[in-house]
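Asks: Build me a structure from this.
(one chain, ligands or ions: 3)
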Amino acid sequence: MDPADSRAVAAFQKFLQTRTDHPAPDYAAAVAFLVEYAHELGMPEPRVVDGLVADKPMFQVVVVGTENEAPALLLNSHMDVVTADADAWDHPPFDGVIADGRIYARGTQDMKCVTIQQMEALSRLLARGWTPARSVVLTVVPDEEIGGVDGMAALLSFTVEEAAARAAGEAPGPVTIAGLPIGFALDEGLANPTPGHYTVFNGERAPFFVDVTATGATGHGSRFIEDTAMEKLIGFANKALAFRAEQAAKLHASGSCEGKKLGDVITVNLTILRAGKLHNVIPSEARAGLDIRVPPTVGYDELRALLDDWTATDGLSYTFAYEPPLNSLTETSSSPWYAAFERAVHAAHPDAVCQLEVFPAATDSRYLRALGVPAIGFSPLAGEPILLHDHNESIAVSTFISGIAVYEALLTELTAVPLPAPM
Ligand code: MET
Ligand SMILES: [Zn+2]
Ligand SMILES: [Zn+2]
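Replies: Ligands and ions are numbered 1, 2, ... in the order given. Model prediction:
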């Protein structure tokens, strides 16, 4: 193997070994690793932003371009990963074991691969004397998997008021990171099972985490107590699940002409249920937690109306444990950034097809898009099954290495996007 590629694989394994899994991610270890690795790569001085939120440091590298007034390219990844049930894995999930040409660990797809691929690509270009026209800001942020409030949203000082003002055209100057105006962002996507066929995301479904509480009569478990919290919660759950079945049917019934994808329908999942302490005491309170994902075509009022309907019984109420910013799509058809993005993918893989879709889950891009920054979700992993959050998350070593060249092409094209001609 090429020595630079061996170094990249070793760095990837080391990054996978940093324990940034929720619920207790060691961000200090991840940032320390990234700083050391940036030095090893001879990159421009890495920055650690650790004053925004206690114990949630972020990592940045800035490459200042020759046209440093022009809005910069942002390459974003997140350093946190979801938990892993080691008993269900063939290899320990935090070791980065290589077996049969594949690297196994939580984060191989989502998304520590991207952090290393982007850093390798940037350093390889710089080592060849590359000087980009537009500046590049590389960020590695915490907390994406738990909502990004202390991660990307904190980095952007995101507020709904500012987002609304920008949407209304009252832009208070450009969106900046590390003091640089951001023109376009690349963030996470999904592995692409069919080689040469890339899914590219210019939007995503808005994630709502909902807590439902039912209160009702209590008493002895031997009696016919009426209006119990359990009954009410189950009534709610049945309505939510009936809606879920309708949406699933819509997805599955859509023939080739409609061709609906997961990102086009609403998913509702009951993920938390809590009630009761003793078998012979009717609980006076019961709670449910839901994960609801809403496509950009569905207004938030529509979702609130559904929840109001499902909880229209005395003793039922709901609150949002997480409410996303207003959902917006990134325009691609007349965007010079998107044209450059496609050029780059084709430069790396001439026969590649880029198919635009709505990302079915959530990414940090929603905060950028809500502030009006165009953002594209993309994964260079080609010919790989989608294993994010799954047991045995893994990628082929060769897939990991070939992704580096894709980011080199993306950096080259996206930093050369010309400024629009003055009006
Ligand atoms: C609301 S935060 C959720 C973030 C995570 N990436 C997901 O889609 O589940
Ligand atoms: Zn992710
Ligand atoms: Zn994830």
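Asks: So what's the residue count around Ser402?
Replies: Burial measure for Ser402: 18 neighbouring residues, criterion other Cβ atoms under 10 Å. For the C-beta atoms, the positions are set from N, CA and C on the backbone; glycine is no exception.
Asks: Next secondary structure element downstream of the worst-scoring helix or strand of the chain on mean pLDDT?
Replies: Taking mean pLDDT, DSSP states H and E as the measure, helix 160-167 is the helix or strand of the chain with the lowest mean score, a mean of 94. The C-terminal neighbour of helix 160-167 among helices and strands, as given by DSSP states H and E, is strand 176-177.
Asks: What's the first helix or strand after that following strand?
Replies: strand 180-188.
Asks: And that next one, what does it pack against?
Replies: Contact here means 3 or more Cβ pairs under 8 Å, 6 or more residues apart in numbering; DSSP states H and E; on that basis strand 180-188 packs against strand 72-78, helix 336-348, helix 365-370, strand 375-378, helix 397-414.
Asks: What strands line up against whichever helix or strand comes after it, and which way round?
Replies: Along the chain past strand 180-188, the next helix or strand (assigned with DSSP H and E) turns out to be strand 197-204. According to DSSP bridges, the neighbouring strands of strand 197-204, each with its direction, are strand 353-359 (parallel), strand 375-378 (antiparallel).
Asks: Of the ones you listed, which is nearest Ala185?
Replies: Nearest to Ala185 among the strands paired with strand 197-204 is strand 375-378 (4.1 Å), distances taken as Cβ to Cβ.
Asks: Using the record's domain definitions, break this protein down for me.
Replies: 3-205+327-414, 206-322 (automatic domain parsing).
Asks: which of those is buried the deepest?
Replies: Comparing the domains of the chain by mean neighbour count (mean count of other Cβ atoms under 10 Å), domain 3-205+327-414 comes out on top with a mean of 19.
Asks: so which residue of the stretch 201-350 of the chain comes closest to ligand 2?
Replies: With distances taken as Cβ to the ion, the stretch 201-350 of the chain approaches ligand 2 most closely at Glu204, which sits 11.2 Å away.
Asks: mind listing what that residue touches?
Replies: 263, 296, 327, 358-363, 365-366, 377 (Cβ atoms under 8 Å, 6 or more residues apart in numbering).
Asks: Now do it, the pLDDT please.
Replies: Glu204 carries a pLDDT value of 98.
Asks: now do Gly259
Replies: The predicted structure lists Gly259 with a pLDDT of 77.
Asks: May I ask which helix or strand encompasses the nearest residue to Ala133 once chain neighbours are set aside?
Replies: Excluding the flanking residues, the one nearest Ala133 by Cβ to Cβ, 6 or more residues apart in numbering is Glu67, at 4.7 Å. Assignment of secondary structure by DSSP H and E places Glu67 within no helix or strand.
Asks: number of nearby residues for the closest residue to Ala370 other than its chain neighbours?
Replies: Closest residue in space to Ala370, ignoring its immediate chain neighbours: Pro325 at 3.9 Å, by Cβ to Cβ, 6+ apart. Other residues near Pro325 number 18, with proximity taken as other Cβ under 10 Å.
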